[in-house]
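>>> generate coordinates for the sequence data below:
(4 chains)
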Number of protein chains: 4
Amino acid sequence: MRNDEDFKKNLKKVNQFKINSKDHITDIIQYFSNSGFNAKRLAIACDIYKQMILDEECTKFFGLAGALVPAGMQGVIYDFIKEDFIDILVTTGANLTHDLAETLGFHHLQGEIDGTKINDSSLHNQELNRIYDVYLPNKVYEGIEDFISTLKIPQNDMSVSSFLSYLGQELPNNSNSILKICSEKNIPIFCPAFTDSGLALQLGFHFQKLNLNHFKDMLKMVDLAWDSKHAGVCIIGGGVPKNFIMQSLQFCPNSAMYAIQITMDRPEPGGLSGATLQEAISWGKVNEKAKYSTIISDATIALPILLWFLKTIKKQE
Amino acid sequence: MRNDEDFKKNLKKVNQFKINSKDHITDIIQYFSNSGFNAKRLAIACDIYKQMILDEECTKFFGLAGALVPAGMQGVIYDFIKEDFIDILVTTGANLTHDLAETLGFHHLQGEIDGTKINDSSLHNQELNRIYDVYLPNKVYEGIEDFISTLKIPQNDMSVSSFLSYLGQELPNNSNSILKICSEKNIPIFCPAFTDSGLALQLGFHFQKLNLNHFKDMLKMVDLAWDSKHAGVCIIGGGVPKNFIMQSLQFCPNSAMYAIQITMDRPEPGGLSGATLQEAISWGKVNEKAKYSTIISDATIALPILLWFLKTIKKQE
Amino acid sequence: MRNDEDFKKNLKKVNQFKINSKDHITDIIQYFSNSGFNAKRLAIACDIYKQMILDEECTKFFGLAGALVPAGMQGVIYDFIKEDFIDILVTTGANLTHDLAETLGFHHLQGEIDGTKINDSSLHNQELNRIYDVYLPNKVYEGIEDFISTLKIPQNDMSVSSFLSYLGQELPNNSNSILKICSEKNIPIFCPAFTDSGLALQLGFHFQKLNLNHFKDMLKMVDLAWDSKHAGVCIIGGGVPKNFIMQSLQFCPNSAMYAIQITMDRPEPGGLSGATLQEAISWGKVNEKAKYSTIISDATIALPILLWFLKTIKKQE
Amino acid sequence: MRNDEDFKKNLKKVNQFKINSKDHITDIIQYFSNSGFNAKRLAIACDIYKQMILDEECTKFFGLAGALVPAGMQGVIYDFIKEDFIDILVTTGANLTHDLAETLGFHHLQGEIDGTKINDSSLHNQELNRIYDVYLPNKVYEGIEDFISTLKIPQNDMSVSSFLSYLGQELPNNSNSILKICSEKNIPIFCPAFTDSGLALQLGFHFQKLNLNHFKDMLKMVDLAWDSKHAGVCIIGGGVPKNFIMQSLQFCPNSAMYAIQITMDRPEPGGLSGATLQEAISWGKVNEKAKYSTIISDATIALPILLWFLKTIKKQE
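Sure, this is the predicted structure:
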């Protein structure tokens, strides 16, 4: 314990709260802040993100793993960007591929029958690719292919983030597209494992000389961290996006002063996805005086709640 | 797949929704119903519980594991009972012990410093018992002891549920007490592992002849299941409450027609807490035509959301 | 950190070990002790259990949750008892029911097809009850019923542990039966949630006056803890068995000096099953100087390995 | 259910096995094959890997996530390669960075005190980076830097796998080095998120013109999958290595005929790391007739067991 006396002095009652039908999300988060377990941690995360937004010197790094677009989270992520809640986005090729599919007018599907009980051989015969309980028809990839073939990539050795910015420009206007809004708002998207994606596969097939420069991205990211007076990070799900942000923060003068992660991964297997934010202090990635909170939750529940809270707070101010 | 053609015909678009600061929880749940992963399952659970409430022939069984009162969930559970969303409550001795403590005016505490980093030896010296990030002073147990010593238990061999109903009567009025409201509303509380609790320990020390009849509870529970035309179950966290409800439902003519579980446990280790609701169909505990949904989530987040939704819906109707 | 200097001084190399086909389990555990993550924790647990066995003043409490007998672990648990590795067993009604079934000559079944893909409605029609990937025919319960009807229970208000000892006596000789060997060796079995089981259901149906005294068990367990100079605990899977042992250890003069848990549950949801052994120090259940280790693992893998190690060590000495 | 009659006909007894101190790992795996839950799945995985080895037309893809070298698994992975159990390795930059550190004579450290209770600020001051319960001194990175500065990289636009093969050549002889043995045996190492690593950071700092061609790797991997008559995959922990193998297998004529994964990730959050191997059938990544098994286990326990089994089997034949 850092200080026994301080700890004991600062103990306060857990509040046995009541929910009213008229409550707004800000009320609920207020109740949660006086509770325990993950509810409390979600409330702390809401407060930390609010502080990140109010801190004008804070550079907000956002790590987005998995494939959250298939689960209907495209508009949520779009709004994080539109509302200026993200300064730098690090994500997977999967999220970009699925974002592109939706932007081009294709759709992910949900089915009446529980996904985990579907016969996957039958789905394969019907050319439906399953992502837990969401289905993506094969023909969507043909649509992406058609679009890819129209591209005139400016430089074969541009960085991945520059390419993604160019890609966003080429896309039609769309009120949900992550690639489009990042391009419009000049928010860099880093994708360190870009070639691990359907989008990159099709690029590779069509543009044999393409050699996007991943090292440029890495060095640019280090520069961005270096220039951040106050860094704030929000990690959704871990993976490469988490590690790529964290390794850059070692070069940030004060390391991260704010840190949030929403994940289902846990520390015990020793992987970085589930590592605690405290562990990052030992590496100099998170500041020892940082405010931090980890929520063990499916991002499809916690991320929309976080956005709902932040949009409401912003409106009130 | 039950029917390939039906499955394919019924596929519909995942909706890439937008959240507005003016949205209410019913809007959010509506968005979630067109998404995927746990968000969708939470929306389905909200809809199933709504149907349970609207179905006048439905007996609503509610299984509450863990110790959720320490995390500030006492008022939430109280309201589930007050609003007639629970007909039969099955819970742990822990929840009852902590409910009793709060009802007697004692409090659980939250600390400024992250619970997982506290030195537990130091806490022990300070007589603070830790429950993840919540702290309970030892002296609360002394307060419970004082109360227990005032009891005049009507019969040594009454059932646990009858004893708990008596206990509720003896408690002061309280706007959050689970024991009190269940006693007032004649909602039976079953606690199959009652002697696995601080409350039972103190009863055992003071009343040497006490022999609460657990078999009476078991048979009464079977009768209640037997008499249920439509059974609906909501399982929070698994454990003995889940199994006790499920074993009784084998004697319910139609088994459960509605089933919800909110848990962090998973099927792979083979335990009942994490078992799927489909598995319960093989046992005749859940009906093969039942509507069911499992949400992998900390109950401290999902349970208040569920209540918030249900209270709002009720008000609207 | 308790002491920075000591910590740094005692750091030693992680050993990049090699496995040979001639290695025995004791070699593997030796390698693991110089590794990290769960492998290291398993090695520490093996060493702690070894010390518990060598410490002649140690009373060994063993908490066994879930239903491990269906997964083929009956003989493993039997041997823990036969080899004097368990002094007091606390378990679920499920393990006892399934132990009884096997002892009476019935069997659990495994199927060729992946359990999670089986149609549970079809299983229900075939009267096969599913436990993840294990199947139990309904008719087994009829066999248990036949046996139950032959019992002449000595006293309606005997403790559950006394009843289970009597039950063991009535069983045929069997080289795997947990109930039988515990009865023969006079190892008490506590089952605090006994009425939450198929065995208790059938007892309740046949013996309407049966009122096994759960409070006697609770007090007997407290006495056993009180009389333990050195307590050692091994928790498999958490649940009521864990909590029941832990609540008793508050009355043990030195609390637990050795503590092991093998579980898939985690601390973050705040439940006792996943709570760390450190947390138990704050409650005075585990001694601040105790040796302890938690392994996050399915017990069906870690428990046989632990037995294999202990039997080998015993033979060597 | 694919076929009710076949299913029922093929049910067999769960074997309540006994462990003897003289048993070898092959005996234990044999017992496990007649059990349930994860023990059974581990036995199935052992059998599948054995078949992969015996099938001369099988190309064995091995996906290695996380940072397993810090936990002492370097020699285990080395032996998988040395014994010809791996034809194509896909891994993270972390494993390569830590492999390089050990190969250059540096060490990971384990401490006496439970890693999760260490004060990370104090570790930071002592320049010790924590990986759960393993510690890596900062100065190791200086040693890596010294080595990097001696490199004469043949081509700035070589593929990552070609670079890693070159790197292996430059390393001193070492009986545990993954990079070295892969280079010697001409086993390609793919690392799609290479720039997400300490090794790549230092390369980027020293070689400003370096632009390793990630697209070449992607296309080479597709060619390798295309040319595989029988593909077999073993996935450790998920992450980018899993997805990169899986996306390539869509181009394999028969997709994977054998598939194993050892992971702590689960399907419910919808991410690819935890996705079932059945789901991969819908995508055409795993063949509908494939033999597959997922073990929910920490790799530090299951991977050495798998190697131990395979080395023993190989010796016997």
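>>> show me the residues around residue A:6 that make contact.
For residue A:6, the contact set (Cβ atoms under 8 Å, 6 or more residues apart in numbering or on different chains) comprises residue B:112. Yep, even glycine has a C-beta here, placed from its N, CA and C like the rest.
>>> and it, what element?
helix A:4-9 (DSSP states H and E).
>>> partner strands of the helix or strand following that helix, with direction?
From helix A:4-9 onward toward the C-terminus, using DSSP H and E, the following helix or strand is strand A:12-13. If you go by DSSP bridges, strand A:12-13 pairs up with strand B:109-110 (antiparallel).
>>> list of residues touching the strand it pairs with?
So strand B:109-110 is contacted by A:11-14, A:34-36, A:40, B:128, B:133-137 (Cβ under 8 Å, 6+ apart).
>>> which parts of the stretch 151-300 of chain A are strands?
Taking DSSP state E, counting those that start in this stretch as the criterion, the stretch 151-300 of chain A contains strands spanning A:189-190, A:230-236, A:256-263, A:286-296.
>>> most packed of the ones you listed?
Burial of the strands of the stretch 151-300 of chain A is given as mean neighbour count (mean count of other Cβ atoms under 10 Å in any protein chain shown); strand A:189-190 ranks first at a mean of 28.
>>> hmm, stretch A:138-157 in reach of chain B?
No: against chain B, stretch A:138-157 shows no contacts by Cβ under 8 Å from any Cβ of the partner chain, the least distance being 12.3 Å.
>>> pLDDT below threshold where in the stretch 51-200 of chain A?
A:113-117 (pLDDT under 70).
>>> distance check, the residue nearest to the spatial centre of chain A against residue D:193.
Nearest to the mean C-alpha position of chain A, counting by Cα atoms, centre = their mean, stands residue A:64 at 2.4 Å. Distance, residue A:64 to residue D:193, using Cβ to Cβ, to the nearest Å: 15 Å.
>>> kindly report the same for residue A:273.
13 Å.
>>> please give me every residue in contact with the residue nearest to residue A:86 when sequence neighbours are not counted.
Once flanking residues are discounted, residue A:86 sits nearest to residue A:62: 4.3 Å by Cβ to Cβ, 6 or more residues apart in numbering or on different chains. Going by Cβ under 8 Å, 6+ apart, residue A:62 touches A:80, A:85, A:86, A:87, A:88, A:89, A:90, A:233, A:234, A:236.
>>> how far off centre is the one helix or strand residue A:62 maps to?
In this structure, residue A:62 sits in strand A:58-64 according to DSSP H and E. Distance of strand A:58-64 from the chain centroid (Cα atoms, centre = their mean, to the nearest Å) equals 8 Å.
>>> tell me the angle it makes with strand A:230-236.
Strand A:58-64 runs at 20 degrees relative to strand A:230-236, counting by axes from the mean of the first three to the mean of the last three Cα atoms, to 10 degrees.
>>> partner strands of strand A:58-64 and their direction?
Within its sheet, strand A:58-64 is paired with strand A:88-91 (parallel), strand A:230-236 (parallel), according to DSSP bridges.
>>> show me where chain A has its helices.
Secondary structure of chain A (DSSP state H): helices at A:4-9, A:25-33, A:37-54, A:74-82, A:93-103, A:120-125, A:139-148, A:160-170, A:178-185, A:198-206, A:214-226, A:239-249, A:277-282, A:299-316.
>>> which other helices and strands does the last one contact?
Helices and strands in packing contact with helix A:299-316 are listed as helix A:25-33, helix A:37-54, helix A:74-82, strand A:256-263, helix B:25-33, helix B:37-54, helix B:299-316; criterion 3 or more Cβ pairs under 8 Å, 6 or more residues apart in numbering or on different chains; DSSP states H and E.
>>> and those, which is most packed in?
strand A:256-263 (a mean of 26).
>>> by contact count, what packs against that strand?
Counting by 3+ Cβ pairs under 8 Å, 6+ apart, strand A:256-263 packs on helix A:37-54, strand A:58-64, strand A:230-236, helix A:277-282, strand A:286-296, helix A:299-316.
>>> can I get the third one in PDB? Just the C-alpha atoms.
When you say that, I think you mean strand A:230-236. Taking Å, rounded to 0.1, in the frame of the first residue of the first chain, the C-alpha atoms of strand A:230-236 are listed here in PDB:
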ATOM      1  CA  HIS A 230       0.100  14.800 -22.300                       C
ATOM      2  CA  ALA A 231      -0.600  11.500 -23.900                       C
ATOM      3  CA  GLY A 232      -3.900   9.700 -23.300                       C
ATOM      4  CA  VAL A 233      -4.700   6.200 -24.500                       C
ATOM      5  CA  CYS A 234      -7.900   4.300 -25.000                       C
ATOM      6  CA  ILE A 235      -7.400   0.600 -25.800                       C
ATOM      7  CA  ILE A 236     -10.200  -1.400 -27.200                       C
END
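>>> show me the contacts for the residue nearest to residue A:66 when sequence neighbours are not counted.
Spatial nearest neighbour of residue A:66, excluding adjacent residues (Cβ to Cβ, 6+ apart): residue D:271 at 4.2 Å. When contacts are counted by Cβ under 8 Å, 6+ apart, residue D:271 is found next to A:65, A:66, A:67, A:237, A:239, D:238, D:265.
>>> phi and psi next, for residue D:271.
Phi and psi for residue D:271, reported as degrees, to the nearest 10, are phi -80, psi 160.
>>> returning to that earlier point: JSON lines for the helices of chain A, including distance to residue C:261?
Converted to JSON lines, those look like this (distance: least, Cβ to Cβ, whole Å):
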{"stretch": "helix A:4-9", "distance to residue C:261": "27"}
{"stretch": "helix A:25-33", "distance to residue C:261": "30"}
{"stretch": "helix A:37-54", "distance to residue C:261": "20"}
{"stretch": "helix A:74-82", "distance to residue C:261": "38"}
{"stretch": "helix A:93-103", "distance to residue C:261": "36"}
{"stretch": "helix A:120-125", "distance to residue C:261": "36"}
{"stretch": "helix A:139-148", "distance to residue C:261": "47"}
{"stretch": "helix A:160-170", "distance to residue C:261": "45"}
{"stretch": "helix A:178-185", "distance to residue C:261": "43"}
{"stretch": "helix A:198-206", "distance to residue C:261": "43"}
{"stretch": "helix A:214-226", "distance to residue C:261": "40"}
{"stretch": "helix A:239-249", "distance to residue C:261": "29"}
{"stretch": "helix A:277-282", "distance to residue C:261": "22"}
{"stretch": "helix A:299-316", "distance to residue C:261": "28"}
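>>> picking up where we left off before, looking at the helices and strands packed on strand A:256-263, which is nearest to residue D:304?
Residue D:304 lies closest to helix A:277-282 among those, at 24.4 Å (Cβ to Cβ).
>>> what sits up against that closest one?
A:246, A:249, A:256, A:259, A:261, A:267, A:286-288, A:290, A:292-294, B:114, B:117, D:118, D:120-121, D:123-124, D:128-132.
>>> in contact with residue A:262, which residues?
Contact analysis of residue A:262 by Cβ under 8 Å, 6+ apart lists A:45, A:234, A:235, A:236, A:237, A:294, A:295, A:297, A:299, A:302, A:303, A:306.
>>> let's see it at 10 Å
With contact set as Cβ atoms under 10 Å, 6 or more residues apart in numbering or on different chains, residue A:262 has these partners: A:41-42, A:45, A:234-238, A:293-303, A:305-306.
>>> now swap in residue A:8 and tell me
A:1, B:109, B:111, B:122, B:123, B:126, B:128, B:135.
>>> isn't the fifth one up against residue B:135?
Yes: under the criterion of Cβ atoms under 10 Å, residue B:123 is in contact with residue B:135, at a separation of 7.1 Å.
>>> so for those two, which residues contact both of them?
With Cβ under 10 Å, 6+ apart, residue B:123 and residue B:135 have common neighbours A:7, A:8, B:111, B:115, B:129, C:282.
>>> just the buried ones from these?
Buried members of the shared contacts of residue B:123 and residue B:135, counted by 16 or more other Cβ atoms under 10 Å in any protein chain shown: A:7, A:8, B:111, B:115, B:129, C:282.
>>> thank you, goodbye.
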